[in-house]
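# The sequence and its predicted three-dimensional model are supplied below.
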Amino acid sequence: MSPPVPIREAFAPGAVGRALTVRGWVVQRRSSGGILFLRVRDRTGQLQVTGRREALGEEGYRAAEHLQVEGACAVTGTLAEDPRAPGGRELRAARIDIIDAGEPFPILKEQTEEFLLDQRHLAIRSPELVAMFRLKAGLLKAFRSFFDQEELLEITPPILTGNAAEGGAEAFQVDYFGRPGYLSQTAQLYLEAMLPPHERVYALTPSFRAEKSRTPRHLTEFQHLEVELAWEDLDGLLDFIERMMVFVLHEVARTLPAELERLGRPPEELRAIRAPFPRTTYAEAIEELRAAGFPVQFGSDLGTVEERALTLDRNQPRFLTRFPAELKAFYMLRSPNDPRTVEAADLLGPEGYGELLGASARETDVARLEARIRAVGADPKEYAWYLDLRRHGNIPHAGFGLGVERLLRFLGRREHIRDTTPFPRTPSRHTP
């Protein structure tokens with residue numbers, strides 16, 4: 001057997017007529033009149049294989065007939081043109097080596113969502129999920145490329161913490177050697193600690209939220225991309241976010257067009273997204289919603305329905321800015337021109353996909369921070385180290401957190417966020 005080559009080499013110019021070996025997994029299998037038809041997949045593509053009884057021999061043909069969908073094999077043969085085959089080429093087998101014939105594959109076309117989630121370890125082989133996870137890897141690569149250009153340093157903060165950064169109600173508590181510990185909700189506080197020596201930092205970590213939210217956009221564990229920038233105010237931060245979003249959306253459109261097309265997102269729609277994004281204050285959004293018949297007022301928390309209404313007919317992201325202080329976390333800076341609000345913003349995705357990231361300038365006054373910590377029911381002593389940051393080289397700064405899976409839900413036009421992560425964690429599911 002000649003050394004195996006990636007299936008993509010079968011579609012290279014001049015490959016027709018070559019003798020080659022490919023290996024992978026069976027996607028489809030049928031036989032008719034002494035001819036076995038296989039479609040074989042590897043990480044680079046799919047290739048039709050035909051195996052004639054007289055070419056394989058009786059024993060080899062019968063063995064190959066026992067290959068199941070997702071069985072593994074290696075095929076040696078000659079590459080030929082065939083306009084009926086996917087991609088216009090097929091491998092005419094002289095030999096099929098069975099690596100693992102496999103058992104009957106349990107994933108069929110018509111099955112319930114719950115069954116597919118129970119079988120997630122096998123269902124992730126579907127073409128749509130394969131495309132999604134390649135898109136996810138490409139998206140993260142694009143973010144890192146942008147941050148390299150902008151000279152941000154990647155930080156590796158802890159996941160186990162001694163306090164619930166955004167309040168205890170939505171934190172998963174664990175027994176940490178007899179003391180209360182928490183699964184991280186955000187890396188923000190640790191990133192702020194890294195600002196004095198580095199000025200521009202980011203982290204990509206899992207975050208955990210003990211919310212019993214059963215909506216298409218909530219997970220209890222998600223990939224959290226967080227950034228902190230020294231010397232920045234809210235408007236400067238929003239300029240940075242616009243540059244970042246345009247860069248990464250255009251980059252995935254350039255590098256992953258096939259995956260986007262498979263998921264129903266034409267790449268040109270991402271290339272059409274340009275800065276600046278519209279910036280609407282929370283107060284203006286409330287008036288817009290009231291005019292549309294929503295029963296909201298200043299101080300109302302905007303949920304999925306309201307965010308959808310604000311973006312459903314738009315093909316560009318939209319910023320909502322300067323929210324009421326009581327709706328936001330303790331560390332957000334009070335607006336200098338309106339004591340009711342904080343210097344915060346949410347970026348809403350186009351087409352009704354809702355919040356993609358939350359951003360704010362950070363409070364720098366120790367007394368105001370302590371008052372806000374008490375107001376949310378926490379003890380400032382638990383945040384002593386964080387308050388220390390305001391006593392030694394205190395500077396204006398701002399940052400944001402982006403839910404990677406929420407952005408992917410928009411990119412891949414997914415109805416539910418569980419389709420953006422290999423093994424989704426929700427209030428009702430933490431297996432497989």
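Received it, and whenever you're ready, just let me know what you need. Numbering: from 1, shown residues only.
# ok, and what's touching the strand or helix carrying A253?
Using DSSP states H and E, A253 falls within helix 234-255. Residues from elsewhere that reach helix 234-255 (Cβ atoms under 8 Å, 6 or more residues apart in numbering): 135, 138-139, 142-143, 145-146, 150, 227, 229, 232, 260, 267-268, 270-271, 273-277, 279, 317, 319, 321, 333, 343-345, 347, 357, 359-361, 398-400, 411. In short, each C-beta sits where N, CA and C put it, glycine included.
# go again using 7 Å as the cut-off
Residues from elsewhere that reach helix 234-255 (Cβ atoms under 7 Å, 6 or more residues apart in numbering): 135, 138-139, 142-143, 145-146, 229, 260, 267, 270-271, 273-277, 279, 317, 319, 343, 345, 347, 359-361, 398, 400, 411.
# Same question for that helix: list its buried residues.
234, 237-238, 240-242, 244-253, 255 (16 or more other Cβ atoms under 10 Å).
# Stretch 54-69 now?
Those would be A55, L56, G60, Y61, A63, A64, L67, V69, for stretch 54-69 by 16+ other Cβ under 10 Å.
# what pLDDT does the first one get?
In the prediction, the pLDDT value recorded for A55 is 96.
# is it fair to say it lies in a strand?
No. The assignment for A55, made by DSSP: H, G, I helix; E, B strand; the rest coil, is helix rather than a strand.
# Wait, it touches A94, no?
Yes. The pair A55 and A94 passes the contact test of Cβ atoms under 7 Å, sitting 5.7 Å apart.
# Tell me the buried residues within the contacts of helix 234-255.
Neighbour-count burial (16+ other Cβ under 10 Å) applied to those gives 135, 138-139, 142-143, 146, 229, 260, 267, 270, 273, 277, 279, 317, 319, 343, 345, 347, 359-361, 398, 400, 411.
# What segments of the stretch 51-200 of the chain are helices?
Secondary structure of the stretch 51-200 of the chain (DSSP state H, counting those that start in this stretch): helices located at 53-65, 113-118, 120-123, 127-149, 188-193, 195-198.
# Same check on the stretch 301-432 of the chain?
So, for the stretch 301-432 of the chain - with DSSP H, counting those that start in this stretch - the helices run 304-311, 366-375, 384-388, 404-411.
# Output the helix holding A253 as CSV - backbone C-alpha positions only.
The C-alpha trace of helix 234-255 is given here as CSV (Å, rounded to 0.1, in the frame of the first residue of the first chain):
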residue,chain,number,x,y,z
LEU,A,234,-16.2,54.2,26.6
ASP,A,235,-16.1,55.9,23.2
GLY,A,236,-12.5,54.9,22.6
LEU,A,237,-13.4,51.3,23.6
LEU,A,238,-16.3,51.2,21.2
ASP,A,239,-14.0,52.4,18.4
PHE,A,240,-11.7,49.4,19.3
ILE,A,241,-14.6,47.0,19.2
GLU,A,242,-15.7,48.2,15.8
ARG,A,243,-12.2,47.7,14.4
MET,A,244,-12.1,44.2,16.0
MET,A,245,-15.5,43.1,14.7
VAL,A,246,-14.9,44.3,11.2
PHE,A,247,-11.5,42.6,11.1
VAL,A,248,-12.7,39.2,12.4
LEU,A,249,-15.9,39.1,10.3
HIS,A,250,-14.0,39.9,7.1
GLU,A,251,-11.3,37.4,8.0
VAL,A,252,-13.6,34.5,8.5
ALA,A,253,-15.4,35.5,5.2
ARG,A,254,-12.1,35.4,3.5
THR,A,255,-10.7,32.2,5.0
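# Other residues contacting the strand ranked longest in the chain?
Ranked by number of residues, the top strand in the chain under DSSP state E is strand 19-32. Here strand 19-32 makes contact (Cβ under 7 Å, 6+ apart) with 1-5, 7, 10, 37-42, 46-47, 65, 67-76, 78-79, 91.
# Go ahead and measure how far that strand is from the middle of the chain.
32 Å (Cα atoms, centre = their mean, to the nearest Å).
# need the next SSE after that strand, C-terminal direction.
strand 35-42.
# Please name the strands paired to that next one in the sheet, noting orientation.
Using DSSP bridges, strand 35-42 pairs in its sheet with strand 19-32 (antiparallel), strand 45-52 (antiparallel).
# Please identify the most buried of those strands.
Among those, ranked by average contacts under mean count of other Cβ atoms under 10 Å, first place goes to strand 45-52 (a mean of 20).
# how far out from the middle of the chain is that strand?
With Cα atoms, centre = their mean, you get 33 Å for strand 45-52.
# Report the rounded mean pLDDT for that strand.
Per-residue scores along strand 45-52 average to 97.
# residues in contact with that strand?
So strand 45-52 is in contact with 7-8, 10, 22, 27, 34-40, 61, 64, 75, 85-86, 90-93, 96, going by Cβ under 7 Å, 6+ apart.
# Tell me which residues of stretch 382-392 come out buried.
Per 16+ other Cβ under 10 Å, stretch 382-392 contains these buried residues: Y383, Y386, L389, R390.
# Any idea how far that stretch is from the middle of the chain?
33 Å.
# what sits up against it?
N163, L189, E192, A193, T364, V366, L369, E370, I373, P380.
# 8 Å - rerun?
Taking Cβ under 8 Å, 6+ apart as the rule, stretch 382-392 contacts 162-163, 189, 192-193, 196, 364-366, 369-370, 373, 380.
# Spit out the contact partners of the residue lying closest to A15 once chain neighbours are set aside.
Spatial nearest neighbour of A15, chain neighbours left out: L79 (5.5 Å); criterion: Cβ to Cβ, 6 or more residues apart in numbering. By Cβ under 8 Å, 6+ apart, the residues touching L79 are A10, A15, V16, G17, R18, A19, L20, R89, E90, L91, R92.
# Mind giving me the PyMOL command for buried ones among the contacts of strand 45-52?
In PyMOL syntax, the buried subset of the contacts of strand 45-52 is picked out as below (16+ other Cβ under 10 Å):
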select buried, resi 7+10+22+27+36+38+39+40+61+64+75+85+90+91+92+93+96
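# Quickly list the domain ranges of the chain.
7-100, 117-420 (automatic domain parsing).
# nearest to T426, of those?
domain 117-420 (6.1 Å; Cβ to Cβ).
# Pull the distance from the closest one to the chain's centre.
On Cα atoms, centre = their mean, the centre of domain 117-420 falls 12 Å from that of its chain.
# how long is that domain from one end to the other?
Its first and final residues considered, domain 117-420 spans 13 Å by Cα to Cα, to the nearest Å.
# can you map out the strands along the stretch 251-400 of the chain?
Secondary structure of the stretch 251-400 of the chain, counting by DSSP state E, counting those that start in this stretch: strands at 279-281, 318-321, 334-335, 338-342, 344-349, 354-361, 397-403.
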